[in-house]
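[1] 3D, please:
(chains A and B)
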Number of protein chains: 2
Amino acid sequence: MSGMTHPMLDKHRDTLDQALAAIADRGYFSIYPESPSPRVYGENAAADGKAEFDALLNSEFALGQPGTRDHVATEQSPYGIEMNIAYPRADPDALIEAATSAWTSWRAAEPEIRAAVCIEILQRIHSHVFTMANAVHMTTGQAYVMGFQAGGPHALDRGLEAVAYGYFEQARTPKTAYWKKPAGKGDPLSLENTFRIAPRGIAALIACNTFPTWNSYPGLFASLVTGNPVIVKPHPFAVLPLALTVKFAREVLAEAGFDPNLVTLCIDGSGDTNAAYLAKHPKVKIVDFTGSSQFGDWLEANAGQAQVFTEKAGVNTVVIDSTDDFKGLCRNLAFTLCLYSGQMCTTTQAIFIPEGGIETPDGHLSYDEVTAGIAKAVEKLTGDDAKAVELIGALATDDVAQRVENAASLGDVVLPSRTITHPKYPNARVRTPLLLSVSAQDRKSYGSECFGPITFFVKTQDTGESLRMVSDVVAEKGALTMGVYSTDAAVLADAETVACDAAVNLSCNLTGGVFVNQTAAFGDFHGTGGNPAANSALTDGAYVSNRFRMVEIRRHVPVRD
Amino acid sequence: MSGMTHPMLDKHRDTLDQALAAIADRGYFSIYPESPSPRVYGENAAADGKAEFDALLNSEFALGQPGTRDHVATEQSPYGIEMNIAYPRADPDALIEAATSAWTSWRAAEPEIRAAVCIEILQRIHSHVFTMANAVHMTTGQAYVMGFQAGGPHALDRGLEAVAYGYFEQARTPKTAYWKKPAGKGDPLSLENTFRIAPRGIAALIACNTFPTWNSYPGLFASLVTGNPVIVKPHPFAVLPLALTVKFAREVLAEAGFDPNLVTLCIDGSGDTNAAYLAKHPKVKIVDFTGSSQFGDWLEANAGQAQVFTEKAGVNTVVIDSTDDFKGLCRNLAFTLCLYSGQMCTTTQAIFIPEGGIETPDGHLSYDEVTAGIAKAVEKLTGDDAKAVELIGALATDDVAQRVENAASLGDVVLPSRTITHPKYPNARVRTPLLLSVSAQDRKSYGSECFGPITFFVKTQDTGESLRMVSDVVAEKGALTMGVYSTDAAVLADAETVACDAAVNLSCNLTGGVFVNQTAAFGDFHGTGGNPAANSALTDGAYVSNRFRMVEIRRHVPVRD
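    Take a look at the predicted model:
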């Protein structure tokens, strides 16, 4: 990185170097504190952020981007508050034209300067992290602290990780290389080869409604750092977190001397289908998508002119064979099932337990005792309404609420779902998790994604059958996570084999403060990209290496020593 | 790489380390001497190789692979000799079944051991390099020395380069990482994360008839080193080079303790369409292809279950604006046009020259003087039949010969093609290059690939128009190479901009021993993968990173310092 100067590069060079070290050693790394405590962020930070959020409600959101047709408000908060924020609805062709024009100087910029500008964007978002926390909380239904953490620092971590991978991939080939080939008795052949980055082109980022920032920042920053403009297409129900992101990105790009139209917002009004339009546009060369398997599969099959990165749906599983800490197992799994009402793409949906029960330090427990233990732990976390809502949040959509309603007939109810009146937001959609018991043969119940607070205990003959069922389900439907509990090294080894064969990440014997549905940037990959739930992991070499190409320029130079 | 032991790893660890250093600095690197001289390879090496080759003619080729239906001989040597080698024609399903079974231990092997086994395969092939030289020479029509160099050492270089990139991509993530996250006043969260390689699955390698080894080794070794079995589907006219490759690979795999069915040969008999069958097979997860744009585009659109890497056809261009060495320019371009009768995917097809001529140190030269100078240099290289055939080789197929015949009417003939009787092989198809002059408007003549010894001089208004035509043609048809001659820094800068925008590699002012149609492993990328001529470069991060996925296993461990 020697020689390049730009004020933002001077400012963020150390951060970039640290992030590069972290992707190499994959230890713990974060520069965005995850605690919303006033001791960390200052006494007024939370209140200021809330005030900034409140000021956005019931108004027009200004972006200053071209091609605005009109303003539309599409959000429906799961907490039942009136958002009424009117966003500029753009002509997608105008955004493509503006991005094409903005691209010239960005694609020509040195990768380290692009990286520094990206880090400044992350920092700018971070300086409004409480505003973002409210935005994510109120549009997704995540509880406030989760909205802060997952929507703020953890999303920023993922963004920085993408910047590091994207920068590394460009920097691994030297900008110039001297090449000298011996030529027998004659003078050696002597060339100076220059390697220039050729970014792919416009990226369309198609976001989901449950994790608008966390699932988008990897693609957004991977595309940006590798030199591509990004058109952000948010989910109609979760626009604000990405509108803020786009606004801050545009501010920073302009300050850095680039065209702000490198990052624009493209929202759907009623009847618009901008995601499909953008994805098939000949000038769109990259598509990043988080959402349904149906649309993700369509994108993979139809956006042939683009590199397509998808994160879709799957069936996440846990296999319980035995444990040395049954209480820890119950607490841990209960937290996973409750957090954000199971509306994470990583939440466990099917828990496989042998019909003969399991061994624990307190003796043998029957199948029913195991499921009852987990159910009791869920009850404990959700028994107090005021505390429960800080964990389970609200259901993102009416569809999820309806699904919980309908799911009760899919198996034997171990723990019914309970409707809670939110103490602060009486119109919020809040329901506690539904736990069902089914047999291994009921694959049509548990074997497809059943998004929301619905979990199936699956009774199997033995752990061998549990692992076989996991193999089958993941091969067919995919998964982002898998867990196993066992005190038997052979079972753990078998589970690892199943995980490797099915290409799903595996967590073993989680009984403490790490959960199967949570991953950390730099330490953990999110998914593998090797099963039907996703074609990419966030973030690795494959996620960034094809967002640009390399152009080589060869020139003769005098022979050097 | 500490801790791993395997005899082949002990043997090749240094080579791997050197290759890893070479992909990082991209200087000159080769361990396979390109000179066929007896001083390098020993007095008997050439004769031994010829004898080994001769012994293969008119016989059954033994591979010991499963599923053999019958034996078929499909080769038609461009030199008109009778090959009559009968290869085992396999049931492709039997090869897929055998590869699936062979995969188990290979996918579980450590990447460094796979890398070492790959390097041993390369070394084994190298120990039969004169056999391979004859095989490539006689099946492709390349002259003998070129068959040796491009088919032997240069192909092996590319193979080693792919091993290095593929190994690096797996090794950049540590096998285990310790992750410790501070948790306020409590104990830190403490995990040991294991990262395991999950190779994609069976690779189908679909080869071309002109460079059976050079264009295949990158994909073959990229797939193998990342843990995937490879089914090799050669072109029916150029089977032997890949049959030998498969044979040596199988030998080494067995010696290394792996199942030889990791590498098998799948040839087409009359009416077979194994390439398409394999490419769409659900168990085939990787396709590497070199050949026509038509089939390459079909693969990209239809082999949706696989990662598809293609190298197709394009229109390679040179822009002549001015030069400080006209003789050098003529010599250099003439060699490019003559080498292997222009049957390289990198050979220049269209040379753009201003109608007003160009400036040289010897004064102004008119358009006609420029084309005449190049034509004269081609005549000089091809005037003596015995010498000419050692450069131009033979035409690979009757189609190429027919194309030369038909092409004479596509423009004004600057230099007619001459039929040569090969002094040694009277039935060889040998023709000298045809040089034509056309106007910039004749894009239907020069603007599509015209494979073979056919070159168009394109008369333009000025260099600005030349560069615009190059932009247009490359955007539409793609290209693997571009050259420019100019003494004007501004023109060179404009050419570089055109090259970057069109994503085509550019060679500037080549007047010596480096040619626009030749690239060297480690130093040069082959194509960019960013225009319609190819979707990948041989070899870079993007070429290897999606041939496997990573599976993470998380486990709690006691807190470490």
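
[2] low-scoring stretches of chain A, by residue?
    For chain A, residues meeting the criterion pLDDT under 70 lie at A:1-4.

[3] can you pull up the most central residue in it?
    Central residue of chain A (C-alpha atoms, centre = their mean): A:Asn215, 2.5 Å from the mean position.

[4] for it, grab phi and psi.
    Backbone geometry at A:Asn215, expressed as degrees, to the nearest 10, gives phi -80, psi -10.

[5] what sits against it?
    A:207-208, A:290, A:311, A:345, A:538 (C-beta atoms under 8 Å, 6 or more residues apart in numbering or on different chains). (Glycine included, C-beta is placed from N, CA and C.)

[6] if we go to 7 Å?
    Residues in contact with A:Asn215, defined by C-beta atoms under 7 Å, 6 or more residues apart in numbering or on different chains, are A:207-208, A:290, A:311.

[7] and the gap between it and chain B?
    Per C-beta to the nearest C-beta, to the nearest Å, A:Asn215 is found 18 Å from chain B.

[8] same question, A:Asp157
    Distance, A:Asp157 to chain B, using C-beta to the nearest C-beta: 12 Å.

[9] in what helix or strand does that residue lie?
    Using DSSP states H and E, A:Asp157 maps to helix A:153-171.

[10] and if you look at A:Phe456?
    Applying DSSP H and E as the criterion places A:Phe456 in strand A:454-460.

[11] please apply the same query to A:Ile286.
    Applying DSSP H and E, one finds A:Ile286 within strand A:284-290.

[12] again, but for A:Phe248
    helix A:240-255.

[13] show me which residues of the stretch 51-200 of chain A are close to chain B?
    Applying C-beta under 7 Å from any C-beta of the partner chain, one finds that the stretch 51-200 of chain A approaches chain B through A:169, A:172-174, A:177-181, A:183, A:189, A:191, A:193, A:196, A:198.

[14] narrow the residues you listed to those in strands?
    The strands, defined by DSSP state E, take in A:177-181, A:183, A:189, A:191, A:193, A:196, A:198 from those.

[15] need the max-distance pair from those residues.
    Spanning the widest gap among those are A:Ala183 and A:Ala198, at 31.1 Å by C-beta to C-beta.

[16] the two - which one has more neighbours?
    A:Ala198 (22 against 12; other C-beta atoms under 10 Å in any protein chain shown).

[17] doesn't B:Cys500 make contact with that one?
    Yes - A:Ala198 lies in contact with B:Cys500 (C-beta atoms under 7 Å); the separation is 5.5 Å.

[18] give me the common contacts of the two.
    A:Val551.

[19] circling back: which among the contacts of A:Asn215 count as buried?
    Neighbour-count burial within those applies to A:207-208, A:290, A:311; the criterion is 16 or more other C-beta atoms under 10 Å in any protein chain shown.

[20] how much space separates the residue of chain A most remote from its centre from chain B?
    The centre of chain A is farthest from one residue, A:Lys185, which by C-alpha atoms, centre = their mean lies 59.0 Å away. Separation of A:Lys185 from chain B (C-beta to the nearest C-beta): 12 Å.

[21] tell me who's in contact with the one residue in the stretch 351-500 of chain A that gets nearest to chain B.
    Scanning the stretch 351-500 of chain A for the residue nearest chain B gives A:Cys500, at 5.0 Å (criterion: C-beta to the nearest C-beta). Shown in contact with A:Cys500 (C-beta under 7 Å, 6+ apart): B:196, B:198, B:551.

[22] does it sit in a helix or strand, and which one?
    Using DSSP H and E, A:Cys500 falls within helix A:489-502.

[23] parallel or antiparallel, which strands does the helix or strand hosting A:Val551 pair with?
    Assigned by DSSP H and E, A:Val551 falls within strand A:548-556. Strand A:548-556 has its sheet partners listed here by DSSP bridges as strand A:186-199 (antiparallel), strand B:505-508 (parallel).

[24] list the contacts of that strand.
    With C-beta under 7 Å, 6+ apart as the test, strand A:548-556 has contacts from A:170, A:173, A:190-200, A:226-227, B:496, B:499-500, B:503-509, B:512, B:514, B:524-525, B:528-530, B:537, B:540.

[25] cool, and stretch A:412-426?
    Stretch A:412-426 is contacted by residues A:79-81, A:371, A:375, A:378-379, A:385-386, A:388-389, A:404, A:408, A:428, A:430-437, A:453, A:457 when judged by C-beta under 7 Å, 6+ apart.

[26] likewise stretch A:107-120?
    With C-beta under 7 Å, 6+ apart, stretch A:107-120 has contacts from A:1, A:4, A:6, A:8-9, A:12, A:15-16, A:160, A:163, A:167, A:170-171, A:197, A:199, A:221, A:224-225, A:227, A:252-253, A:256, A:258.

[27] quick revisit: got the strands paired with strand A:548-556 as JSON lines, with distance to B:Thr140 columns?
    Supplementary listing: these in JSON lines, determined by distance: least, C-beta to C-beta, whole Å:
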{"stretch": "strand A:186-199", "distance to B:Thr140": "25"}
{"stretch": "strand B:505-508", "distance to B:Thr140": "23"}
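
[28] what's the most buried one of those strands?
    Mean neighbour count (mean count of other C-beta atoms under 10 Å in any protein chain shown) peaks for strand B:505-508 among the strands paired with strand A:548-556, with a mean of 26.

[29] so how far is it from its chain's centroid?
    Mean-position distance between strand B:505-508 and its chain equals 18 Å (C-alpha atoms, centre = their mean, to the nearest Å).

[30] near chain B, which residues of the stretch 201-350 of chain A show up?
    Contact residues (C-beta under 7 Å from any C-beta) of the stretch 201-350 of chain A with chain B: A:300-301, A:304.

[31] now, which of those sits nearest B:Asn134?
    Nearest to B:Asn134 out of these is A:Gly304 (C-beta to C-beta; 41.7 Å).

[32] would you confirm that the closest one contacts B:Ala301?
    Yes - A:Gly304 is within contact range of B:Ala301, at 6.0 Å (criterion: C-beta under 7 Å).

[33] which neighbours do the two have in common?
    Contact criterion C-beta under 7 Å, 6+ apart; residues shared by A:Gly304 and B:Ala301: none found.

[34] count the neighbours of A:Ala408 for me.
    Per other C-beta under 10 Å, the neighbour tally for A:Ala408 reads 14.

[35] same thing with A:Asp399?
    The tally of other residues near A:Asp399 (other C-beta under 10 Å) stands at 11.

[36] which residue, neighbours along the chain excluded, lies closest to A:Thr310?
    Distance criterion C-beta to C-beta, 6 or more residues apart in numbering or on different chains; nearest residue to A:Thr310, sequence neighbours excluded, is A:Gly296 at 4.0 Å.

[37] I meant A:Gly166, not that one.
    Of all residues not flanking A:Gly166 in the chain, A:Val225 sits nearest, at 3.7 Å (C-beta to C-beta, 6+ apart).
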